[in-house]
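Asks: Provided below are the primary sequence and the corresponding predicted coordinates.
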Amino acid sequence: MQAEPMGLRTKLRRAYEWGRLRNALSLSIPTLLLGALVAMLVHEISWPLSLGVLLYFASVMLLWFGRSPGRSVLPGVVYGLLPLTGGLIARLNGHVCLGMSCYSSCLLYCVTGGVAAGLLIARLASKSEAPAAVFTSAAATALLTGAIGISCVGVHGLVGMAAGVALGAVPQGLRWVTRQ
Amino acid sequence: MDSAARLHLNELMARLADGDRSVFDEVYAGLWPIVAAFCSRTLSHADAEDAAQQSLLKVFDQAANFERDRDGVTWALGIAVWEVRTIRKRHARSKVSDLNESELPVVTESPELLTAERQITDAAIAVLGQLSPEDQTTLLATFNEEAPDGVGRATFRKRRERALGRLKLAWRRVYAS
């Protein structure tokens, strides 16, 4: 009974891919819950939920693919919580008043959260065997996670966060280039 | 399978769980003979192939959940054990049991010998028919390894001895020459 049955390999390959996809679909559910939670907190449904769904599908794709991009999803989401929290704080307390003048703190929170996330992602990428793949995957999930909280602040908040992530990655990027 | 090969298979399964599709064929080539051999030892040929295929489908379906510190072969065989058990239960429920290849009648003797054996069996049945109904019941109960209802063990043993004695006598009377 050692002979290989006809078509078994194809069936097994299909079972393997379906198993991975099912696993990815269930493991990504918390990202949807995150979107729903932010929507409840800010009393705005459209953007947080839309971005939550987008993050869910991105997470599913990356987890299904596996390897370094798949392993980077969880850190990306966790690091993305920093700009997300910043965005939520900006939303709830959008300006700082010093004497008679008030300043918008929104961009500050978004950029700071983005820089912190960028630094952590770059650190993670520099320790991995595939830094480019890890950075791309983790940065994408962190940006989407952060965007859930920042979207309610406005487009300038999103741009600020993205710039912050890029800025945070610069030191590790330079170190990596000089090592090469 | 030696321990080095087992460790190598574990490593490949961990890589497959991580999403490295390039090791798929190697994992398949390593697991199929093991699972197939196990199933063929525990089930009939047709069921064994079915069980081995189902087991491997489940193994690869759950491959993403394989943990690096587990033994891959034991894990795969654990799934195969469940599959074998399921098939056996299914057979027990439907009361359909497939014939094992080893259980198929093997005709190695000559037709003459088979005819002679058949004649002796027929003769034994004919001699049994000459006995009283009580002796017949006793001998049939002995053959079926059960005691008739309402008869004590000691009584049944004595009846059996007497019935066997009468059977021998009847056999000698008819076929002694």
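Replies: The structure has been received and is ready for your questions.

Asks: per-residue confidence for the residue in chain A that chain B sits nearest to?
Replies: Relative to chain B, the nearest point of chain A is residue A:66 (1.6 Å; C-beta to the nearest C-beta). In short, each C-beta sits where N, CA and C put it, glycine included. If you check residue A:66, the pLDDT there is 90.

Asks: Could you list which residues are in contact with it?
Replies: By C-beta atoms under 8 Å, 6 or more residues apart in numbering or on different chains, the contact list for residue A:66 reads A:20, B:18-20, B:64.

Asks: Among those, which ones are in helices?
Replies: Among these, the ones falling in helices (DSSP state H) are A:20, B:18.

Asks: out of the contacts of residue A:66, which are buried?
Replies: Neighbour counting over the contacts of residue A:66 (16 or more other C-beta atoms under 10 Å in any protein chain shown) leaves A:20, B:18-19, B:64 as the buried ones.

Asks: tell me which of the residues you listed is nearest to residue A:71?
Replies: residue B:18 (7.6 Å; C-beta to C-beta).

Asks: From chain A, how far off is residue B:42?
Replies: 12 Å (C-beta to the nearest C-beta, to the nearest Å).

Asks: That residue is in contact with residue B:36, isn't it?
Replies: No. Counting by C-beta atoms under 8 Å, residue B:42 does not reach residue B:36; the two are 11.3 Å apart.

Asks: if I look at the two, which residues touch both of them?
Replies: By C-beta under 8 Å, 6+ apart, the residues touching both residue B:42 and residue B:36 are residue B:48.

Asks: who has more neighbours, these two?
Replies: residue B:36 (23 against 17; other C-beta atoms under 10 Å in any protein chain shown).

Asks: distance between the strand or helix carrying the more buried one and the chain's centre?
Replies: Under the criterion of DSSP states H and E, residue B:36 resides in helix B:24-42. Distance of helix B:24-42 from the chain centroid (C-alpha atoms, centre = their mean, to the nearest Å) equals 21 Å.

Asks: what does it contact?
Replies: A:1-2, A:4, A:8-9, A:12-13, A:16, B:1, B:5, B:8-9, B:12-13, B:16, B:47-49, B:51-52, B:55-56, B:59-60, B:63, B:72-73, B:76-77, B:80, B:83-84.

Asks: neighbours around residue A:68, how many?
Replies: Count around residue A:68 with other C-beta under 10 Å applied: 22.

Asks: Next secondary structure after the helix or strand containing it?
Replies: Using DSSP H and E, residue A:68 maps to helix A:67-71. As assigned by DSSP H and E, the chain's next helix or strand after helix A:67-71 is helix A:73-92.

Asks: Give me the sheet partners of the next helix or strand after that next one and which way each runs.
Replies: Using DSSP H and E, the helix or strand that follows helix A:73-92 towards the C-terminus is strand A:95-98. Using DSSP bridges, the strands paired with strand A:95-98 are strand A:101-104 (antiparallel).

Asks: Can you report how many residues lie near residue A:6?
Replies: 8.

Asks: next one: residue A:18
Replies: Residue A:18 has 13 nearby residues by other C-beta under 10 Å.

Asks: With residue B:167 instead?
Replies: 19.

Asks: was I right about it contacting residue B:132?
Replies: No. With contacts counted by C-beta under 8 Å, residue B:167 stays clear of residue B:132, the gap being 11.0 Å.

Asks: any idea how far residue B:167 is from chain A?
Replies: 47 Å.

Asks: One more: residue B:136?
Replies: Counting by C-beta to the nearest C-beta, the gap from residue B:136 to chain A is 47 Å.

Asks: What strand or helix carries that residue?
Replies: helix B:133-143.

Asks: Which elements pack onto that helix?
Replies: helix B:111-130, helix B:153-175 (3 or more C-beta pairs under 8 Å, 6 or more residues apart in numbering or on different chains; DSSP states H and E).

Asks: Out of those helices, flag the one nearest residue A:83.
Replies: Closest to residue A:83 of the helices and strands packed on helix B:133-143, according to C-beta to C-beta: helix B:153-175, at 87.5 Å.

Asks: Tell me how far the closest one lies from the chain's centre.
Replies: Taking mean C-alpha positions (C-alpha atoms, centre = their mean), helix B:153-175 and its chain are 35 Å apart.

Asks: Done for today, thanks.
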